[in-house]
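how would this look folded up:
(chains A and B)
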Amino acid sequence: MIHTRDAPLTGGFRVQRWTRLSVVSALLTVAVIVVLAVAPFLFGADVTEQLTTLLIFVILAVMWNALAGYGGLISVGQQAFIGLGAYGTIFLTQHGIAPYLAMILAGLGAGVVAVPTSLIMLRLRGGQFAIGMWVVAEVFGILVTLDTGLGGGTGISLSGLNVFAPGYRQAYTFWVTLACATVLLGVVFFLLRRRIGSSLQAVRDDEEAAASLGVNVVRSKRVLFVVAAVGCGIAGALYLANTLFIQTTSVFGVQWTAYMLFMVLVGGLGTFEGPIIGAIIFYLIQAQFGDSGAWYFVGLGATAIAFALFLPHGIWGAIDRRLQLRLLPVGYTLRRLETAEPASAGRAATDT
Amino acid sequence: MNWVNVLVQGVLLGGFYALLACGLSLMFGVMRIINLAHGDIAVIGAYLIWVLVNQTSIPPWLAALLVLPIMWVAGYAMYVLLLERSRRAGQLVPLLTTFGLAIVIENVLLQVFSPDDHSLLSSTGTLATSSISFGGLSISIFGILTLATAVVVLTGLQLFLSRTTSGRQMRATAEDPDIAELVGINARAVYAKATAIAVAIGALGGIFLAIRQTFNPFTGPTQLIFAFEAVVIGGFGSPWGTLLGGIVLGVAQVIGAQVNPQYFVLFGHLVFLAVLASPRVGLLSRRVHAL
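The predicted model follows:
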């Protein structure tokens, strides 16, 4: 239930969005971004590269969670847009556009492609949407493979970044990644706070009921779908800038979905903070066990199943439920007024 | 006639896809669950029969008779251990858990069997390679056998669902599990049975997979996609639609390969997307829960 600014509440409760804790944590978020921004001056190039990888995971997890946790759209094919972002960057740099600009444009281009894709895909629900997106990713992958100008199936390098010395290149790529992550997470954050955020959650919980209450189901889903496509596209472009070499099998591979699923389920499906925590955990696990081959993936899959069954809202959901922590306010908190003044309770409102 | 030949090959290939798709379609029809590990289950079937044939040198058809009951039990266990809880946790949870299961299966297979390609082709003697000539056409015996098996399985499923008590209980549960329980049906047992049937049929598809092509631990996802495309092209939940969907997919792929060998998979995907984009999704679509 959504209480607007003037919603009267009786019984000495008030609805608030910003709690003291969330103000503190919002300031902390700003502090973290500032600290990250100076990190390339403090650490070596390899740390910078690792931090870039971590931020790419954060973007991917937040995007997948926006689709699955808020829109109820489980996609097995977000690698379609990861691949488009990466190969779009290659294509644009081949046509004389500066690499970092090409990365942003390629990400936005993935969003443009997502519009006609959504016309077909959003007719599907549940598992049909999931595998339908997988087919879309396969089609995009095959089409790129058929284009010899993009290296065919053998892979291609991003050559435009050679003009920078390696240390500088990694720092520039990191700053672009940090800026993209901040903007993209900001977009998702503010999107979910607006009316569309509530609409989407209503759609996720019961599509018919939401539609009967006047929610424009398809439009809400489409906005989210396009935003997630842009996010994944930019993540793909950033991945290319970080590794400098891609193959169709690596960027259009379904292992991306396995990663995103793991990060979101472990961190917390349907929470804003969860996927960020999930990305950090996944990053640490990958750094520790990434070389263990098949057993590493068996562990990822089994952990994801365990979380889906036994801790469906992930680590963050469990913390949140016990401690009522809401670090970044997407939802509302209902609080009992300490000095119960029925007259003022009517005006007790949220400040967005 | 070249194009007639292409059509015949496509139809025979379609029989294989329809066989793979039966189990997927049954599980969706009864439980609304799309099992994202269905392709990997077929591959498990392929590996089990490959191990049996190589270790004991029994003929493949005998190995198949041993593997199918094993997979039936595995399907039952899969429902009890994984799907029951997933289904109760919400609509989307089975997708998450079956995708997790797919990752686990693929990588356990990789760990146990290495990434090498295997095939049963050499153990099946002349059956897999012989063909009959007919008016200038060369028709593979094995292709006909696959298509015939798909038709038999689909007919069997149809008869099971319409004529037997268990089948009627399954349809009633698919229609409305709560009401079905009110009239004394144990929905949980029905779901477990449906999963067991679906997994066993999936493994049967895997046996044909092992004979007609090479397979490795990561063959499953492609089979899942093809099976899913067959189900969607045919219209969800209709057995004969599944057969028709498989055939349309097979013909599209063979035509694609005729144009350019690289277009084999692509043409199938494009037909699938075209069907999705059409106003009435599915060739024989009726109300989904009519099964």
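
you'd agree B:G125 is in a strand?
No - membership of B:G125 in a strand is not supported by DSSP: H, G, I helix; E, B strand; the rest coil, which gives coil.

neighbours of whichever residue of chain A sits closest to chain B, how many?
Closest to chain B within chain A is A:G127: 2.7 Å, counting by CB to the nearest CB. For the C-beta atoms, the positions are set from N, CA and C on the backbone; glycine is no exception. A:G127: 25 surrounding residues under other CB atoms under 10 Å in any protein chain shown.

near the nearest residue to it once chain neighbours are set aside, how many other residues are there?
Of all residues not flanking A:G127 in the chain, B:I34 sits nearest, at 2.7 Å (CB to CB, 6 or more residues apart in numbering or on different chains). Look at B:I34: counted by other CB under 10 Å, it has 24 neighbours.

and B:I34, which of the three is it?
coil.

give me the distance between it and B:L92.
11 Å (CB to CB, to the nearest Å).

what sits in contact with each of these two?
A:G126 (CB atoms under 8 Å, 6 or more residues apart in numbering or on different chains).

got a list of what the residue nearest to A:G127 touches?
A:G126, A:G127, A:Q128, A:A130, A:I131, B:L24, B:M27, B:F28, B:P94, B:L95, B:T98, B:F228.

repeat for A:T145
Counted by CB under 8 Å, 6+ apart, A:T145 has contacts A:G152, A:G153, A:T248, B:Q262.

biggest separation within these, which pair?
Spanning the widest gap among these are A:T248 and B:Q262, at 12.4 Å by CB to CB.

can I get the contacts of A:T145 in JSON lines including distance to A:A202, neighbour count and pLDDT?
As requested, the contacts of A:T145 are exported to JSON lines (distance: CB to CB, whole Å; neighbours: other CB atoms under 10 Å in any protein chain shown; pLDDT from 0 to 100):
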{"residue": "A:G152", "distance to A:A202": "46", "neighbour count": "15", "pLDDT": "78"}
{"residue": "A:G153", "distance to A:A202": "44", "neighbour count": "15", "pLDDT": "77"}
{"residue": "A:T248", "distance to A:A202": "38", "neighbour count": "25", "pLDDT": "91"}
{"residue": "B:Q262", "distance to A:A202": "45", "neighbour count": "14", "pLDDT": "88"}
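
my guess is A:V226 contacts A:L119. True?
No - checked against CB atoms under 8 Å, the pair A:V226 and A:L119 is beyond contact range at 11.4 Å.

measure B:Y191 to chain A for me?
16 Å (CB to the nearest CB, to the nearest Å).

avg pLDDT for the biggest helix by length in chain B?
Longest helix of chain B, by residue count under DSSP state H: helix B:2-31. The average pLDDT for helix B:2-31 rounds to 92.

same check on stretch A:89-97?
Here the average pLDDT along stretch A:89-97 is 94.

touching that stretch from outside, list them.
A:99, A:101-103, A:105-106, A:149-151, A:156, A:158-160, A:236-237, A:240-241, A:246.

does B:S133 sit in a helix, a strand or a coil?
Per three-state DSSP, B:S133 ends up strand.

report the buried residues of the stretch of helix or strand A:G127 belongs to.
Using DSSP states H and E, A:G127 sits in helix A:126-146. Within helix A:126-146, the residues that count as buried by 16 or more other CB atoms under 10 Å in any protein chain shown are A:126-145.

what about the residue nearest to B:F272 when sequence neighbours are not counted, which SS state?
Closest residue to B:F272 apart from its sequence neighbours, by CB to CB, 6+ apart: B:E229 at 4.3 Å. On the three-state scheme (three-state DSSP), B:E229 is labelled helix.

was I right about B:E229 contacting B:H269?
Yes - the pair B:E229 / B:H269 is scored as a contact, 7.3 Å apart, by CB under 8 Å.

now do the shared contacts for these two.
With contacts taken as CB under 8 Å, 6+ apart, B:E229 and B:H269 have A:V135 as neighbours in common.
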